[in-house]
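>>> Quick check, what structure comes out for this input:
(2 chains)
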2 protein chains.
Amino acid sequence: MSAQIRIGIAGYGNLGRGVESAVATNPDMTLVGVFTRRDPATVTPQLPGTRVFGWDALAGHEDEVDVLILCGGSKSDLPEQGPELAARFNTVDSFDTHARIPEYHAAVDAPARAAGRTALISTGWDPGLFSINRVYGEAILPVGETYTFWGRGVSQGHSDAVRRVPGVAAAVQYTLPSADAIAEVRSGTRPTLTTRQKHVRECFVVLAEGADADVVRKSIVTMPDYFDEYDTAVHFVDADVLARDHAGMPHGGFVIRSGDTGGGNRQVVEYSLNLGSNPEFTASVLTAYARAVHRMNAAGQIGAQTVYDVAPGLLSPKSAAQLRAELL
Amino acid sequence: MSAQIRIGIAGYGNLGRGVESAVATNPDMTLVGVFTRRDPATVTPQLPGTRVFGWDALAGHEDEVDVLILCGGSKSDLPEQGPELAARFNTVDSFDTHARIPEYHAAVDAPARAAGRTALISTGWDPGLFSINRVYGEAILPVGETYTFWGRGVSQGHSDAVRRVPGVAAAVQYTLPSADAIAEVRSGTRPTLTTRQKHVRECFVVLAEGADADVVRKSIVTMPDYFDEYDTAVHFVDADVLARDHAGMPHGGFVIRSGDTGGGNRQVVEYSLNLGSNPEFTASVLTAYARAVHRMNAAGQIGAQTVYDVAPGLLSPKSAAQLRAELL
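Take a look at the predicted model:
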């Protein structure tokens, strides 16, 4: 095998720490270091060997980093960093504002192409692995419907909304697929379901001193937009239980394609994720795609790319011949 | 959109009929016709507009067929036809003898490459979609195990074995994933399981006149190699029930990747198929890959290819920009 793939991490939150761990489990990769906008002296890396650099040190590392994995957020970090860094590095990011992907793709494509760089945008699991399954499903079963369900996972926006309710000291909100809706979709009947019909909500709430549980529950379940049209369960727990059982970042979901072929035969394709840690799994996807980006750039496939442009074999450290012999 | 993709079908059994139906559901494709080794005058096509040609008529259709879908069997048809036809057409096939794939790849690659043709081998669902999921799973979660389960589906070899038991007038045997084994794998514990531990067997048997059910049952469940090490259920039914309920060709299965990331977080990725008709679904996969082959050949990607070499977006009739906007 050729020299190791040299990875850089731009941004060091949960996602960046996940990439740091993931690189360590891929023997064909080596971590150049973490680039942070904080004062590097204040950042203690998760793994002892990890070097921490300031953001400005990205300048000067262009020739030492084969692929830079951008671990900033989609709201304000990536729209600025993505186009700028794609002019200087091969990049991978998890830009996940679905409605703005075409605009972001264009903004990254021009500088990457001009510089001969490859920039894989919007990977992870949704957008990412779920998107791939939506395309395979629709292409293989053109007569059918695709259903995406999310959860069980923490919704940050909904957790924040619960925390703003008077009488709530702390709270975590989970979005769950509706078991009834999934069963209906799996049966192959192709029901028409809204996002609201497909999901239910579950809140774990620590009451503030003297707060009335019934009043708090009613305030939550009737909250417009957030909860009023969903089935919502509210569980009151004490602060210790919340800290012990609800500090993790599980997530997951389902993509189901249900279609008919020929003589009305029902065909159901289901892809599902059950994730102990959402950021660590997303980071693992980004890391595997970094390998593909390195190869695509070497093969002259430059500009902005998405998971739709990446042949599956490029993600694996194994050679094409090895994949054919061992996994096909 | 450009001109329609002109598809030919070589071999007209269950799989060929499935491709005929699948092409009809893809508006960007048109069927040139079916090529059969039987006397074409004796073959009645499933759809009224389908033209039926003799095998010799393949010569002379090279310029009228963009992609020829090979619908012969892996045992004797494809090893001969694959290399020969890849020298004259772009092809797609479902060669599924896993152990001989490297040899078949080499046999098809040389003539296809010499002729500037693209030959996608070994697609369908296993090898095919399951293979893709094995690679994605292993690349994304390098610390983990992959589990493939097959069924519920008819096993031809095991059905034949049951039919040879004295006292059996007719029979169908299904292979099923073991519910216990799937539950254990889904839990993320990563058990070590043999193929035998992962599957159970179910037989529907019509007794011959005067046969003793207990004797027949015992002969089946103790049959060496086929049944003795499996949990096997034997159900006796009458001939009408067998014809009514067990004449279909359902199949399916699961690919589960179970791995750990970072701080020991468990991540489980599951892909499953629940197929009303195995040949029709396989045919739908081959047909979608014919679109990819047409594009790959136009882009100069020649020689033998596998599903690992095909970027997901190439399977869709939608443009890359449309995929990014609608499905990413």
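>>> And the helices in chain A?
Counting by DSSP state H, chain A has helices at residues A:14-24, A:77-86, A:101-115, A:129-140, A:156-163, A:179-186, A:195-198, A:213-221, A:239-245, A:278-298, A:320-326.
>>> Quick check: residues of the stretch 101-250 of chain A near chain B?
A:101-102, A:105, A:122, A:127, A:129, A:131-132, A:134-136, A:138-143, A:186, A:188, A:248 (C-beta under 8 Å from any C-beta of the partner chain). For every residue, glycine as well, the C-beta is placed using N, CA and C.
>>> And the worst-scoring helix or strand of chain A on mean pLDDT, what's buried?
Within chain A, no helix or strand scores below helix A:195-198, which has a mean of 86 by mean pLDDT, DSSP states H and E. Burial within helix A:195-198, assessed by neighbour count using 16 or more other C-beta atoms under 10 Å in any protein chain shown, is assigned to A:Gln197, A:Lys198.
>>> Any idea how far that helix is from the middle of the chain?
21 Å (C-alpha atoms, centre = their mean, to the nearest Å).
>>> what do you get for stretch A:126-140?
14 Å.
>>> Could you pull up the mean pLDDT of it?
Stretch A:126-140 shows a mean pLDDT of 98.
>>> repeat for stretch A:199-207
Model confidence over stretch A:199-207, given as mean pLDDT, is 96.
>>> measure A:Asp160 to chain B for me?
Shown here: A:Asp160 relative to chain B, a distance of 24 Å by C-beta to the nearest C-beta, to the nearest Å.
>>> Please apply the same query to A:His246.
From A:His246 to chain B the distance is 15 Å (C-beta to the nearest C-beta).
>>> Provide a list of residues in contact with the residue most central in space within chain A.
What sits nearest the mean C-alpha location of chain A, by C-alpha atoms, centre = their mean, is A:Gly124, with 3.9 Å. By C-beta atoms under 8 Å, 6 or more residues apart in numbering or on different chains, the contact list for A:Gly124 reads A:Ser94, A:Asp96, A:Thr282, A:Val285, A:Leu286.
>>> ok, now A:Ala119?
Contacts for A:Ala119 were tallied using C-beta under 8 Å, 6+ apart; they are A:82, A:86, A:90-93, A:108-109, A:112, A:293, A:303-305.
>>> cutoff 6 Å now
Contacts for A:Ala119 (C-beta atoms under 6 Å, 6 or more residues apart in numbering or on different chains) come out as A:Ala86, A:Thr91, A:Val108, A:Ala112, A:Ala304.
>>> Would you mind listing which of those residues are buried?
A:Ala86, A:Thr91, A:Val108, A:Ala112, A:Ala304.
>>> which among those residues gets closest to B:Pro27?
In terms of C-beta to C-beta, no member of those lies closer to B:Pro27 than A:Ala304, at 29.0 Å.
>>> out of everything not next to it in sequence, what's closest to A:Met58?
Just so we're on the same page, residue A:58 is Leu rather than Met. Spatial nearest neighbour of A:Leu58, excluding adjacent residues (C-beta to C-beta, 6 or more residues apart in numbering or on different chains): A:Phe35 at 5.3 Å.
>>> Now for that neighbour, how many residues are close by?
If you count neighbours by other C-beta atoms under 10 Å in any protein chain shown, A:Phe35 ends up with 26.
>>> what's the closest non-adjacent residue to the closest residue to chain B within the stretch 101-250 of chain A?
Nearest residue of the stretch 101-250 of chain A to chain B (C-beta to the nearest C-beta) works out as A:Ala139 at 3.9 Å. Of all residues not flanking A:Ala139 in the chain, B:Leu315 sits nearest, at 3.9 Å (C-beta to C-beta, 6+ apart).
>>> can you list the weak-confidence ranges in chain A?
Applying pLDDT under 70 to chain A flags residues A:1-2.
>>> dump the residue contacts of the residue lying closest to A:Thr175 once chain neighbours are set aside.
Closest residue to A:Thr175 apart from its sequence neighbours, by C-beta to C-beta, 6+ apart: A:Gly151 at 4.3 Å. The neighbours of A:Gly151, taking C-beta under 6 Å, 6+ apart as the test, are A:Thr175, A:Leu176, A:Pro177.
>>> Looking at those residues, which are in strands?
Taking DSSP state E as the definition of strands, the contacts of A:Gly151 contribute A:Thr175, A:Leu176, A:Pro177.
>>> The first one pairs with what?
Just to be clear, that refers to A:Thr175. Counting by DSSP bridges, A:Thr175 is bridged to A:Gly153, A:Arg201.
>>> A:His251 versus that one, what's the distance?
Relative to A:His251, A:Thr175 is positioned 9 Å away (C-beta to C-beta, to the nearest Å).
>>> Run through the residues that contact A:Arg257.
Per C-beta under 6 Å, 6+ apart, neighbours of A:Arg257: A:Gly137, A:Leu141, A:Gly144, A:Thr146, A:Val269.
>>> Run through the bridge partners of it.
Bridge pairing for A:Arg257 - DSSP bridges - gives A:Thr146, A:Val269.
>>> tell me the contacts of A:Arg266?
A:Gly188, B:Gly276.
>>> again with the one 10 residues further on
Applying C-beta under 6 Å, 6+ apart to A:Gly276 gives the contacts A:Pro250, B:Asn265, B:Arg266, B:Gln267.
>>> Ok, A:Glu20 next?
A:Gln46, A:Leu47, A:Thr50.
>>> which one of the residues you listed is nearest A:Asn274?
For those, the nearest to A:Asn274 is A:Gln46 (24.1 Å; C-beta to C-beta).
>>> my read: that closest one touches A:Arg17, true?
Yes: counting by C-beta atoms under 6 Å, A:Gln46 touches A:Arg17, with 5.1 Å between them.
>>> Between those two, which is the more surrounded one?
Shown here are A:Gln46 and A:Arg17; by other C-beta under 10 Å, A:Arg17 has more neighbours (22 against 15).
>>> rewinding a little: kindly supply the PyMOL command isolating those of the residues of the stretch 101-250 of chain A next to chain B that are buried.
Filtering these down to the buried ones (16+ other C-beta under 10 Å) takes a single PyMOL command:
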select buried, chain A and resi 101+105+122+127+129+131+132+134+135+136+138+139+140+141+142+186+188
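>>> and which of the contacts of A:Ala119 is nearest A:Pro224?
A:Val108 (36.9 Å).
>>> Could you dump the contacts of A:Arg257 into JSON lines and include distance to A:Met29?
Listed next are the contacts of A:Arg257 as JSON lines, based on distance: C-beta to C-beta, whole Å:
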{"residue": "A:Gly137", "distance to A:Met29": "31"}
{"residue": "A:Leu141", "distance to A:Met29": "36"}
{"residue": "A:Gly144", "distance to A:Met29": "39"}
{"residue": "A:Thr146", "distance to A:Met29": "34"}
{"residue": "A:Val269", "distance to A:Met29": "32"}
